[in-house]
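Visitor: Task: produce atomic coordinates for the following.
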Amino acid sequence: MDAFVNWARNQSITPSEVRTPVSADAVARAVRDAASSGRRVRMLGTGHSFTGVALTDGILLRPTALTGVLGAGDGWVKVAAGTPLSALNEELDRRGLALANMGDITAQTVAGAIQTGTHGTGREIGGLADQVFEMDIVLADGTLATVRDGDLFDAARVGLGALGILTAVTFRVEPAFLLRSRREPLPFSGILESLDELTEANEHLDFFWLPHTDTCLVKRNNRSPGPARPPGAFRRWLDNVFLENTLFGAVCAVGARFPGAIPRINAISASVLSASDFADRSYKVFTSVREVRFLEMEYAIPRHHLAQALRETRDLIERAGWKITFPVEVRVTPPSGAWLSTAYGRPSAYVACHVYRPTPNDAYFEGVEEIMTRLRGRPHWGKLHTRDAAYLRTVYPKFADFVALRDKLDPQGLFTNDYLDRVLGTPPDAPRQGA
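Guide: Numbering: from 1, shown residues only. A predicted model of the protein is given here:
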């Protein structure tokens, strides 16, 4: 049996069996077969998580046959769980519809994205889980449930696959709209003094700080009445493909070979950043191309701690002498009602740190993690962190309720794996891994 390897190539597993179910009934059959044979079962997405959240040594389900639109109505669209976000965006656009907000990666499946709490940035509109209207989920007893309210709904929207296997997701959607995107370099020190103003003045604020410089690239995305002013084909290729991927990948490779040159390289990069202003269909503005492989850690902190977190991160990098090529990304979201959403119950700011895949830096992640946890940060479920259930129960008000519901629905740990045992604890009747 071939091993599964994720996109970042830092997680792998060899399952006992791989299946590609074509229906919810086939998923339910796999769940029953796993239970009867004493194995675990998990559904993959597309492998864009940096953690082992989707891994199993039992029956591994690939979602490539569970795709497409299953139904649509006034303000909603139902899609199969394995539908890539890129395909969903294009289908919605064809119908004159759009998601209200989304993250910047579209390779993920809809189920994988919401189960790990994927989010974008928004002053008033939350991540994908907050746009879910209904879910079809196969439970540990092999039954198929449709949920749209109640505890199971609030728990399973960011459920980590621990409560069951999603087979379909119904999203709230709205008429397609344009976003005006204004991008400009601004001083890091100035942004720290105007974070509240920037957040309140823009529907979608996103900025990147280049370590070893005082420069940030700030992206302000706001709805536009039109007309559309999309970048030309050459400018889109230049920005999204050549500059942000081909050239950036070359810069990272040079930095990996000559780390002492990274501060100078970043200074040059900061000096050539320029402003841009265009308006395009929302999903084209929200999303980006990411071809340079990296490792990532991201924490959600209470929004009022953001300036402190960024100052401490900057000071830590300079004090430790690390040479960091990748920018630090900052986004914001409103409070969420999904129990294990990183934004549950509080306005949140996200600080994401990346390193070039060939040059991992555990000390960098550990140092930043100490800052974020001191500020009661919550790690992104699909990105690298070292937190366990003992810590997580202190920062999630509904953590104990989630675990109690998981233990009730799946006491034998059919949907568990090593990662979930660490972050949630082991279900009461679960056998040892591999038993």
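Visitor: So which elements touch the helix or strand of the chain with the lowest mean pLDDT?
Guide: Ranked by mean pLDDT, DSSP states H and E, the weakest helix or strand in the chain is helix 233-236, scoring a mean of 82. Contacting helix 233-236 under the criterion 3 or more CB pairs under 8 Å, 6 or more residues apart in numbering; DSSP states H and E is no other helix or strand. Just so you know, the C-beta spots here come from the backbone N, C-alpha and C atoms, and that holds for glycine as well.
Visitor: right, and the helix or strand after it?
Guide: helix 248-257 (DSSP states H and E).
Visitor: what packs against that following helix?
Guide: Right, helix 248-257 is packed against helix 262-272, strand 348-356 by 3+ CB pairs under 8 Å, 6+ apart.
Visitor: can you list contacts of the least confident helix or strand of the chain?
Guide: residue 230 (CB atoms under 8 Å, 6 or more residues apart in numbering).
Visitor: so how far is it off the chain centroid?
Guide: Centre-to-centre, helix 233-236 and its host chain are 27 Å apart (CA atoms, centre = their mean, to the nearest Å).
Visitor: got the CA coordinates for that helix in PDB?
Guide: Extracted in PDB, the C-alpha atoms of helix 233-236 (Å, rounded to 0.1, in the frame of the first residue of the first chain):
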ATOM      1  CA  ALA A 233      -3.500  38.900 -18.200                       C
ATOM      2  CA  PHE A 234       0.100  40.000 -18.200                       C
ATOM      3  CA  ARG A 235      -0.200  41.800 -14.900                       C
ATOM      4  CA  ARG A 236      -2.000  38.900 -13.300                       C
END
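Visitor: Name the residues of stretch 310-324 that are buried.
Guide: Neighbour counts over stretch 310-324 (16 or more other CB atoms under 10 Å) mark 310, 312, 313, 314, 317, 322, 323, 324 as buried.
Visitor: what mean pLDDT does that stretch have?
Guide: What stretch 310-324 shows for mean pLDDT is 97.
Visitor: ditto for stretch 212-231
Guide: 96.
Visitor: how long is it from one end to the other?
Guide: End-to-end span of stretch 212-231 (CA to CA, to the nearest Å): 30 Å.
Visitor: Contact partners for residue 241?
Guide: Counting by CB under 8 Å, 6+ apart, residue 241 makes contact with residue 289.
Visitor: how much space between it and residue 26?
Guide: Going from residue 241 to residue 26 by CB to CB, to the nearest Å gives 38 Å.
Visitor: ditto for residue 276
Guide: Distance from residue 276 to residue 26, counting by CB to CB: 47 Å.
Visitor: Repeat that for residue 322.
Guide: To residue 26, residue 322 is 48 Å away according to CB to CB.
Visitor: about what we covered before: out of the helices and strands packed on helix 248-257, the one nearest residue 164 is which?
Guide: Closest of those to residue 164 is strand 348-356, at 26.4 Å (criterion: CB to CB).
Visitor: The closest one vs helix 248-257, what angle?
Guide: If you take axes from the mean of the first three to the mean of the last three CA atoms, to 10 degrees, strand 348-356 sits at 70 degrees to helix 248-257.
Visitor: Dump the helix or strand just after strand 348-356 to PDB, keeping only the CA atoms.
Guide: Remark: after strand 348-356, the chain's next helix or strand is helix 362-374, criterion DSSP H and E. Taking Å, rounded to 0.1, in the frame of the first residue of the first chain, the C-alpha atoms of helix 362-374 are listed here in PDB:
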ATOM      1  CA  ASP A 362      11.600  24.800  15.000                       C
ATOM      2  CA  ALA A 363      13.000  27.400  17.300                       C
ATOM      3  CA  TYR A 364      11.200  30.200  15.400                       C
ATOM      4  CA  PHE A 365       7.900  28.500  15.700                       C
ATOM      5  CA  GLU A 366       8.500  27.600  19.400                       C
ATOM      6  CA  GLY A 367       9.400  31.200  20.200                       C
ATOM      7  CA  VAL A 368       6.400  32.700  18.500                       C
ATOM      8  CA  GLU A 369       4.100  30.000  20.000                       C
ATOM      9  CA  GLU A 370       5.200  31.100  23.500                       C
ATOM     10  CA  ILE A 371       4.100  34.600  22.700                       C
ATOM     11  CA  MET A 372       0.800  33.600  21.300                       C
ATOM     12  CA  THR A 373      -0.100  31.100  24.100                       C
ATOM     13  CA  ARG A 374       0.800  33.700  26.700                       C
END
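Visitor: so how far is helix 362-374 off the chain centroid?
Guide: Remark: helix 362-374 is offset 19 Å from the chain centroid, using CA atoms, centre = their mean.
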